[in-house]
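1. No letters, just coordinates:
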């Protein structure tokens with residue numbers, strides 16, 4: 001960005017978005033001020049004195065450089081630009097850096113590890129402590145970065161809490177959410193593979209930085225929301241949510257308990273009824289959320305839209321519908337996290353404070369509030385009173401069984417079943433194919449391992465590490481997470497350069513990336529077969545409203 005005299009601003013970064021500027025030191029500013037003032041005077045004199053500028057003296061210009069009257073044009077010295085005040089983002093980073101890093105990397109992990117007894121400090125303990133500190137360091141880097149890395153930030157938030165602090169507390173207390181059916185060696189291997197997955201994810205993110213600049217800067221068609229199709233999506237969202245609400249006889253059951261909603265949806269008890277209920281719930285919740293995000297983006301960016309009843313009234317209706325079908329009472333907590341994060345990052349697309357508060361505050365909420373948010377899962381008769389004699393006991397509940405289930409999956413494969421070599425991933429990708437057509441279609445990974453364990457409740461997690469390892473083994477798991485890290489970093493970079501900085505109300509990336517960031521909690525927790533249903537519905541909705549043609553009368557304004 002150039003100043004009024006044509007000189008470049010000091011400290012311009014490579015990103016082009018202004019976030020790389022670094023304020024000059026006060027001593028440098030004082031010493032450079034006279035030189036900058038002298039250069040500015042020289043520049044003004046060159047433009048105002050026609051004797052030194054042939055363009056302003058017709059006789060000299062006509063004479064040309066070969067005559068005696070020709071005068072060499074003197075180029076003014078480029079002046080320095082002294083920033084008046086430090087960048088507010090840099091000040092915020094310096095203020096948060098030390099306490100945040102110390103708290104996430106040292107204080108919280110060591111506070112949990114310090115409660116352990118000497119007899120539990122084996123290889124599993126030390127590996128898990130190292131895993132927790134590594135995830136804490138990466139989460140701190142995501143919070144303090146000058147660029148908004150939504151997907152990577154939510155990934156490391158999940159990893160730090162669900163696969164870092166929580167398993168460490170379970171090892172310290174010698175309590176696990178689900179029983180460990182294998183040997184201690186399987187548990188050790190699971191923790192080591194989790195740490196290896198962290199490193200592979202980071203390697204993929206690092207490789208994305210060295211991608212060809214020509215590929216990154218190559219002009220691509222911009223995906224935008226078609227105005228007429230958006231209204232079709234709004235109508236479709238109203239219809240799908242109304243059908244879901246009508247199937248329960250009104251909105252009252254959505255404020256009862258999640259277990260009652262699930263029992264009502266699967267009352268038939270057959271596989272076909274469960275698939276039908278999943279599609280009914282998906283079409284009743286996903287289009288409503290996606291339409292709300294796009295309408296919210298439109299209102300936040302466009303002042304003109306905020307004065308149009310044709311925009312405000314449909315948005316108000318979508319808020320009411322989402323309060324019914326996507327509330328935290330009748331929905332799984334991971335889905336409500338998706339809704340909350342997507343709305344937060346869409347409503348505040350440029351605020352670094354909101355981004356940092358969501359990641360840093362997410363740790364406190366996940367440890368202190370998330371386990372107790374299961375209060376509305378059962379009705380009064382089946383609800384269990386939560387009693388906690390230790391601040392660590394909420395971390396040994398079923399919400400954080402990811403590492404334990406990874407260890408059980410290793411034992412399951414070692415029992416003789418072996419790896420599936422892509423069948424599990426293919427079953428998740430083609431979730432819509434009925435089992436009557438595809439007889440060898442795999443079950444959910446959590447259901448498969450839970451049934452082998454003899455569990456009555458097989459609604460168990462199967463993190464992405466487990467899904468990849470079950471299919472392809474340790475090398476395939478590392479390669480898969482490397483690709484995930486590469487894709488996440490590339491997507492975050494595109495979003496930082498054009499998504500959240502765009503002033504286009506219909507920018508599809510500015511809506512989709514926050515939704516992906518929120519949904520990454522579900523993808524990481526697994527199983528993938530349960531998670532892909534809503535992804536398919538969201539893709540259909542995006543295909544309905546997205547256009548690549550720059551038609552002015554069909555754009556959001």
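-> Thanks, I have the structure now. Predicted, not measured: the structure shown is a model, and the values here were computed from it. Numbering: from 1, shown residues only.
2. Am I right that residue 346 is in contact with residue 300?
-> Yes: judged on CB atoms under 8 Å, residue 346 makes contact with residue 300 at a distance of 7.4 Å. Yep, even glycine has a C-beta here, placed from its N, CA and C like the rest.
3. Show me which of these two is the more surrounded one.
-> Taking other CB atoms under 10 Å, residue 346 and residue 300 do not tie; residue 346 has more neighbours (23 against 17).
4. Determine the number of other residues adjacent to the residue nearest to residue 243 when sequence neighbours are not counted.
-> In this structure, residue 243 finds its nearest non-sequential neighbour in residue 284, 6.5 Å apart by CB to CB, 6 or more residues apart in numbering. Number of residues near residue 284 (other CB under 10 Å) recorded here: 24.
5. what does residue 354 give?
-> 15.
6. what's the answer for the one 5 residues further on, then?
-> Summarising burial for residue 359: neighbours were counted as other CB under 10 Å, giving 23.
7. where's it, which helix or strand?
-> helix 352-368 (DSSP states H and E).
8. What helices and strands are in contact with that helix?
-> Packing partners of helix 352-368 (3 or more CB pairs under 8 Å, 6 or more residues apart in numbering; DSSP states H and E): helix 88-101, helix 123-144, helix 150-160, helix 333-347.
9. Between helix 352-368 and the last one, find me the angle.
-> Direction vectors for helix 333-347 and helix 352-368, defined by axes from the mean of the first three to the mean of the last three CA atoms, to 10 degrees, enclose an angle of 170 degrees.
10. Contacts made by helix 333-347 with the rest, please.
-> Helix 333-347 is contacted by residues 150, 154, 285, 289, 292-293, 296-297, 300, 322, 326-328, 331, 354-355, 358, 370, 373-374, 399, 510-511, 513-515, 517-519, 521-522, 525 when judged by CB atoms under 8 Å, 6 or more residues apart in numbering.
11. So how do I select the buried members of those in ChimeraX?
-> The buried residues among the contacts of helix 333-347 can be selected in ChimeraX (16 or more other CB atoms under 10 Å) with this line:
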select :150,154,285,289,292,293,296,297,300,322,326,331,355,358,370,374,399,510,511,513,514,515,517,518,519,521,522,525
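12. Out of the contacts of helix 333-347, list just those in helices.
-> Among the contacts of helix 333-347, the members falling in helices (DSSP state H) are 150, 154, 285, 289, 292-293, 296-297, 300, 322, 354-355, 358, 510-511, 513-515, 517-519, 521-522, 525.
13. Thought residue 317 was touching residue 292, still the case?
-> No: in this structure residue 292 lies outside contact range of residue 317 using CB under 8 Å: 9.6 Å.
14. How many neighbouring residues does residue 173 have?
-> Residue neighbour count, defined by other CB under 10 Å, stands at 18 for residue 173.
15. can you pull the contacts of it?
-> Contacts for residue 173 (CB under 8 Å, 6+ apart) come out as 115, 390, 392-393, 396.
16. Give me the below-cutoff pLDDT ranges for the stretch 251-400 of the chain.
-> For the stretch 251-400 of the chain, residues meeting the criterion pLDDT under 70 lie at 257-276, 369-391, 398.
17. and residue 506, what are its phi and psi?
-> phi -100, psi 20 (degrees, to the nearest 10).
18. now swap in residue 455 and tell me
-> phi -80, psi 140.
19. To which secondary structure element is the closest residue to it other than its chain neighbours assigned?
-> The spatially closest residue to residue 455, leaving aside those adjacent along the chain, is residue 178, at 7.0 Å (CB to CB, 6+ apart). In this assignment (DSSP H and E), residue 178 forms part of neither any helix nor any strand.
20. Thank you, goodbye.
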